[in-house]
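**Q** have a look at this fold, sequence not included:
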């Protein structure tokens, strides 16, 4: 979760400066279905990024009374975000939740050729068969192997999602290659 949180903080602050509560709300909207973000996790992460020189904090008038601390990326923060996007760890490619966080901010990697490289890594991962269930002999099981409507549903939904993503990736990589002159 720490890698996802760091990427989400940097990505949302690259969009524009935010105060902590707004940042927390945006992260919760993006990743809340996975694990809600607690103040005891978010604010120490912000402090670590600030200490590392990746973001700054400034006071701004509050909407009602007290001033708020607005968070903004530094140039080092922007550069670090680009590095994370350009060179995501393997789990950001293979784990669906991390992939979605990466994908939410991949536009901040402004070079179409570099964006396409990341998408190709995901496409390669999706191209490798990854069965969810195996029979007693260790052979992968298909939808038709189950009388259980729930496992059939799980496999049907997973297959449809993978097919849609595979199609989107191929289309988008083609467009990025055209923009980068490939």
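**A** Right, received. Where do you want to start? This one's a predicted model, so the numbers in the text were calculated from it and none came from an experiment.

**Q** any idea of the mean pLDDT in the biggest helix by length in the chain?
**A** For the chain, the helix reaching the highest residue count under DSSP state H is reported as helix 149-179. When pLDDT is averaged over helix 149-179, the result is 93.

**Q** now the residue lying farthest from the centre of the chain, what's its secondary structure?
**A** Among residues of the chain, the one most distant from the C-alpha centroid is residue 137; the distance is 36.1 Å, by CA atoms, centre = their mean. Residue 137 carries the three-state label coil when classified by DSSP: H, G, I helix; E, B strand; the rest coil.

**Q** element containing the spatially most central residue of the chain, please.
**A** In the chain, the C-alpha nearest the mean C-alpha coordinate belongs to residue 101, at 1.3 Å (CA atoms, centre = their mean). For residue 101, the enclosing helix or strand under DSSP states H and E is helix 96-105.

**Q** residues of that helix that come out buried?
**A** Neighbour-count burial for helix 96-105 flags 97, 98, 99, 101, 102, 104, 105 (criterion: 16 or more other CB atoms under 10 Å). Placement of C-beta: from N, CA and C, glycine included.

**Q** quick one: the second one and residue 58, what's the gap?
**A** To residue 58, residue 98 is 31 Å away according to CB to CB, to the nearest Å.

**Q** so among the buried residues of helix 96-105, where is pLDDT lowest?
**A** Ranked by pLDDT, the buried residues of helix 96-105 bottom out at residue 97, which scores 90.

**Q** for the buried residues of helix 96-105, which one is nearest residue 116?
**A** Taking CB to CB as the measure, residue 116 sits nearest to residue 102 out of the buried residues of helix 96-105, at 14.1 Å.

**Q** hang on, isn't that closest one packed against residue 8?
**A** No: Residue 102 lies out of contact with residue 8 (CB atoms under 8 Å); the separation is 9.8 Å.

**Q** strands of the chain, start to end?
**A** Residue ranges of the strands in the chain, as given by DSSP state E, are 18-19, 55-60, 68-73.

**Q** what are the contacting residues of the first one?
**A** Residues lying outside strand 18-19 but in contact with it, judged by CB atoms under 8 Å, 6 or more residues apart in numbering, are 12, 26, 60, 68, 69, 70, 71.

**Q** buried members of these into PyMOL, please.
**A** Only the buried members of the contacts of strand 18-19 end up in this PyMOL selection, burial being decided by 16+ other CB under 10 Å:
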select buried, resi 12+26+68+70+71
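
**Q** for the contacts of strand 18-19, give me JSON lines that also has distance to residue 171 and pLDDT.
**A** Shown next, in JSON lines, are those (distance: CB to CB, whole Å; pLDDT from 0 to 100):
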{"residue": "12", "distance to residue 171": "27", "pLDDT": "97"}
{"residue": "26", "distance to residue 171": "28", "pLDDT": "93"}
{"residue": "60", "distance to residue 171": "41", "pLDDT": "73"}
{"residue": "68", "distance to residue 171": "41", "pLDDT": "76"}
{"residue": "69", "distance to residue 171": "42", "pLDDT": "83"}
{"residue": "70", "distance to residue 171": "38", "pLDDT": "91"}
{"residue": "71", "distance to residue 171": "35", "pLDDT": "96"}
